[in-house]
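after the sequence you'll find the predicted model.
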Amino acid sequence: MEIKHISHFQDDSGLKSFGLTPDNEEILSFELSNKKGMKVQLINYGATVTSIKIPVVEKLVDVVLGFDTLESYIGSYNLPSAPYFGTTVGRYAGRINKGIFTLNGKEFQLPGNNNGNALHGGNEGFGKKTWTVSEFTSGENPSITFSLLSENLDQNYPGALQVYLKYTLTEANELKLEYKATTTEDTVINLTHHSYFNLNGHGSTVLDQEMSIASDKFLETNSENIPTGKFTPVSGHDFDFRNPKNCPASIDNSFVIEPSDDVVATLYSPKTKLKMSVYTDQPSVHIYVGGNCFDTLKGKENADYHPSSGICFETQNFPDAPNHAHFPNSILKKGEEYNQTTVYKFENVI
């Protein structure tokens, strides 16, 4: 699969080299900017968001965690538990019990990269792949489209999966993600975005920020965070976020979302007066705070990341859905198209 070099782009004002992979592939960094001064930077390693900068009182606040170098992104996968900063997760986001699922009467065994379970696509998930840049547009509502061909039996998943992910920065300060995928054989799929957000700026804590989730139940899980198939009502529970309250110090749970055009989750910083609203057509949003930073992880601009440095809003299907008949469909059939849309909208609330 070829990677386009800078010379192949007609308008190269918004891109620069981000480094070389161990295989000597050039990784590029792209910038999308709108008329309001919001700027989003992305790299084609993992189709990853490395920076989201939003104007707040005449300065730009970077609201996602990340690294300054390609070496740090690549090296983060060698940590005891990879943080997946800003990356695209696939083929299957979340955990699959024992890495096993059955499709069309055939059992598939995936790599067990998380206590014997399959997590976030396996040892070589989409976040570790070099994506091709299919399109890059500037001007009003600038966008970039990344594409990836995941070969048949990549990480033991059936079918060659062709994925397209289009990021658009709208003039309304929305980062819109549109996923499409087709397969040569029936397969399972669950794609998500894994930015850690912090509306105070990536070098602080999220514990003083307020979160809401439009959900009245979340997936019950066992001690290994595998869904049991049951649901836990939020009523009377610490994880009732139907009304805004401060982010918890530790959470790793999938909240059930009813399909609608309404906001499914929000994050608000009283300090910067920034608010993020999340929209999605997916059946759940997985909220994650409290790990994978080990109190020693050095981030962008020499920041020291810690477990409460960021919060993830992973819009997706349910983890382990292939093994639960009553969970939403996770099978993509040959000849059909997977589509998903997620929007992160940023506002200054006076």
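It's in.

what packs against the lowest-mean-pLDDT helix or strand in the chain?
The helix or strand of the chain with the poorest confidence is strand 297-298; it has a mean of 88 (mean pLDDT, DSSP states H and E). If you count contacts as 3 or more CB pairs under 8 Å, 6 or more residues apart in numbering; DSSP states H and E, strand 297-298 packs onto strand 304-305. For every residue, glycine as well, the C-beta is placed using N, CA and C.

and after the strand it packs on, which helix or strand comes next?
strand 311-316 (DSSP states H and E).

quick one: low-confidence parts of this structure?
For the chain, applying pLDDT under 70 flags the ranges 1-13, 291-296.

can you rerun that using 50?
In the predicted model, the chain carries pLDDT under 50 at residues 1-3.

isn't Thr272 right up against Leu199?
Yes: contact criterion CB atoms under 8 Å: Thr272 and Leu199 qualify, at 5.7 Å.

and the helices in the stretch 51-200 of the chain?
70-76 (DSSP state H, counting those that start in this stretch).

ignore what I typed, I meant the stretch 251-350 of the chain.
Under DSSP H, counting those that start in this stretch, the stretch 251-350 of the chain gives no helices.

now the strands for it?
Per DSSP state E, counting those that start in this stretch, the stretch 251-350 of the chain carries strands over the ranges 251-256, 265-269, 274-280, 284-289, 297-298, 304-305, 311-316, 331-332, 338-348.

so which of those is the most packed in?
Of all the strands of the stretch 251-350 of the chain, strand 311-316 carries the top mean neighbour count, a mean of 25, counting by mean count of other CB atoms under 10 Å.

in contact with Phe231, which residues are there?
Listed by CB atoms under 8 Å, 6 or more residues apart in numbering, the contact partners of Phe231 are Lys217, Phe218, Leu219, Glu220, Val256.

and the next helix or strand past the host helix or strand of the second one?
What that stands for is Phe218. According to DSSP H and E, Phe218 maps onto strand 217-221. Once strand 217-221 ends, the next helix or strand along the chain (criterion: DSSP H and E) is strand 227-233.

mind listing what's buried in that next one?
Pro227, Thr232 (16 or more other CB atoms under 10 Å).

and for the helix or strand following it, what's in contact with it?
Of the helices and strands lying after strand 227-233 in sequence (DSSP H and E), the nearest is strand 245-246. Here strand 245-246 makes contact (CB under 8 Å, 6+ apart) with Leu207, Asp208, Gln209, Glu210, Met211, Ser212.

the fifth one is in contact with Phe241, isn't it?
What that stands for is Met211. Yes: contact status for Met211 versus Phe241: in contact at 5.6 Å, counting by CB under 8 Å.

of those two, who's got more company?
Phe241 (24 against 21; other CB atoms under 10 Å).

and that one, backbone torsions?
Main-chain dihedrals, Phe241, degrees, to the nearest 10: phi -110, psi 30.

residues near Glu71, how many?
13.

the one 5 residues further on too?
As a burial measure, Ser76 scores 19 neighbours (other CB under 10 Å).

next one: Thr21
Neighbours around Thr21, by other CB under 10 Å: 15.

and it, what is it in contact with?
Counting by CB under 8 Å, 6+ apart, Thr21 has contacts Ile27, Tyr45, Leu70, Ile74, Thr130.

tell me how far the fourth one lies from Lys129.
Think Ile74. 12 Å (CB to CB, to the nearest Å).

find residues that contact each of those two.
Joint contacts of Ile74 and Lys129 (CB under 8 Å, 6+ apart) are Tyr45.

those two - which one has more neighbours?
Between Ile74 and Lys129, Lys129 has the larger neighbour count (other CB under 10 Å), namely 23 against 17.

so the more buried one sits against Ser147, correct?
No: the pair Lys129 / Ser147 is not scored as a contact, 10.7 Å apart, by CB under 8 Å.

that older thread, got the angle between the strand holding Phe218 and strand 251-256?
130 degrees (axes from the mean of the first three to the mean of the last three CA atoms, to 10 degrees).

okay, the angle between strand 217-221 and strand 284-289?
70 degrees.

need the residues that contact strand 217-221.
Contacts of strand 217-221 (CB under 8 Å, 6+ apart): 227-234, 239, 253-256, 284, 318-319.

of all these, which comes closest to Pro142?
Among the contacts of strand 217-221, Ser284 lies closest to Pro142 (CB to CB), at 29.6 Å.

partners of the closest residue to the closest one other than its chain neighbours in the sheet?
In space, and not counting its chain neighbours, Ser284 is closest to Ser254: 4.6 Å by CB to CB, 6 or more residues apart in numbering. Using DSSP bridges, the bridge partners assigned to Ser254 are His286.

hmm, Ser254 is touching Asn190, no?
No: look at Ser254 against Asn190 with CB under 8 Å: they stay out of range, at 10.9 Å.

anything in contact with each of these two?
With CB under 8 Å, 6+ apart, Ser254 and Asn190 have common neighbours Gly94, Gln316, Pro319.

pick the one among those closest to Glu31.
Using CB to CB, these come closest to Glu31 at Gln316, 26.8 Å.

what is the burial count for the residue nearest to that closest one when sequence neighbours are not counted?
Spatially, and ignoring its direct neighbours in sequence, Gln316 is nearest to Thr192 (4.0 Å; CB to CB, 6+ apart). A count of nearby residues for Thr192, using other CB under 10 Å, gives 29.
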